[in-house]
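> just the structure for this:
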Amino acid sequence: MNVIGEPTTATDGNFGTTVRQSRIGLRTNTPSGLGDLGSQLEVDLFASNGTAELRLRHANITIGDHWLIGQFWSNFGPLDTYPTTVEFNGPVGIAFARVPQVRYTSTLGSYTSLAATIEENVGGSNSEDPVFTASAQYNDGRYVARLAGLYGTARDAAGTVEVDQWGITASASARLWEGGLFQVNYVNGQALGPYLIGLGSAVVNGQANDVDGYTVEFRQDLSPKWNVGISYGREDYDLATNSFSDGSGALNFTELETIHVNAFYKATDSLTFSAEYIYGERNDVPSGQTFDGSRVQLAAQLNF
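Below you'll find the predicted structure:
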């Protein structure tokens, strides 16, 4: 979505098919004196440059109920309130990353959990320093509330300027009536662009780039087989940014917006058909123009 309006990505009237969203994984669980030892290995076909090649998603081990070591979702991202979309990444305005980490999780009662991690920074941050995160979450199945924080460092593309990198995410969801779901996510911080779907620059002209973003989603079950939803996302940067970590890109924007409207039909317990309309806007700082784009996506998903 950060290349809306770029001539090299124009696809007006084009039809395409892909299997890149396919993925497969393996989980194990072994009892031991330290508690259950678990493992997860998962790959997908969503490689770079539009090719369908194997890419690592998750590779981790768990020790008992507390420890996770390996690559998994960043503790900074709000996984349980992530909007449901047919499109692979989902709306802009939300933190999203899978990184190597060491995580400790503790539960308080049946519904509350606390977690802390030491993580590897994401690639666009150009930093070799670790990232520290902490989160607290309440989830009773009907209501979800989550707060997370992150602190690390980021560098410019040349590696000569280092800035503090910090941020917070606040998320909530509620099932207020039968079959209905309403949820929101908010993120704010400094040099956080590489953690967001829009992949804005962390450092611009030697300065840390502040950003805030949010998503709003509403979903409704129409029947045991049908559900529909709409989600809106937005990212706002203080400094004109681009989606290239080395700063070489021609795109310079401060605002991104997306809308996803979708429907899912569960044909069987394992087979789901879906359709989605996506609309996005990006402003262009040098020209003052606003570019937009749209797409219709159909998908079939088989779980086994």
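> show me where pLDDT drops low in the stretch 151-300 of the chain?
242-251 (pLDDT under 70).
> redo that, cut-off 50
244-248 (pLDDT under 50).
> which ones are touching Glu128?
Asn121 (C-beta atoms under 8 Å, 6 or more residues apart in numbering). In this view, the C-beta of every residue, glycine as well, is placed from N, C-alpha and C.
> for Gly159, grab the count of nearby residues.
Per other C-beta atoms under 10 Å, the neighbour tally for Gly159 reads 10.
> distance of it from Gly90?
Gly159 sits 31 Å away from Gly90, taking C-beta to C-beta, to the nearest Å as the criterion.
> I'd assumed Glu276 was in contact with Ile259.
No - using C-beta atoms under 8 Å, Ile259 is not in contact with Glu276; the gap is 10.3 Å.
> neighbour count winner among those two?
Legend: neighbour count by other C-beta under 10 Å for Ile259 and Glu276, higher for Glu276 (19 against 16).
> which ones are touching that one?
Residues in contact with Glu276 (C-beta under 8 Å, 6+ apart) are Thr85, Val86, Glu87, His260, Val261, Asn262, Ala263, Val296, Gln297, Leu298, Ala299.
> just the CA coordinates for the helix or strand harbouring Thr133, please, in PDB.
Taking DSSP states H and E as the criterion, Thr133 maps to strand 130-139. Output of strand 130-139 as PDB, limited to C-alpha atoms (Å, rounded to 0.1, in the frame of the first residue of the first chain):
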ATOM      1  CA  PRO A 130      18.400  -5.400  20.900                       C
ATOM      2  CA  VAL A 131      14.800  -4.300  21.400                       C
ATOM      3  CA  PHE A 132      13.000  -4.600  24.700                       C
ATOM      4  CA  THR A 133       9.300  -5.000  25.000                       C
ATOM      5  CA  ALA A 134       6.600  -5.500  27.600                       C
ATOM      6  CA  SER A 135       2.900  -6.200  27.400                       C
ATOM      7  CA  ALA A 136      -0.200  -6.800  29.500                       C
ATOM      8  CA  GLN A 137      -3.300  -8.300  28.200                       C
ATOM      9  CA  TYR A 138      -6.800  -9.300  29.400                       C
ATOM     10  CA  ASN A 139      -8.800 -11.700  27.200                       C
END
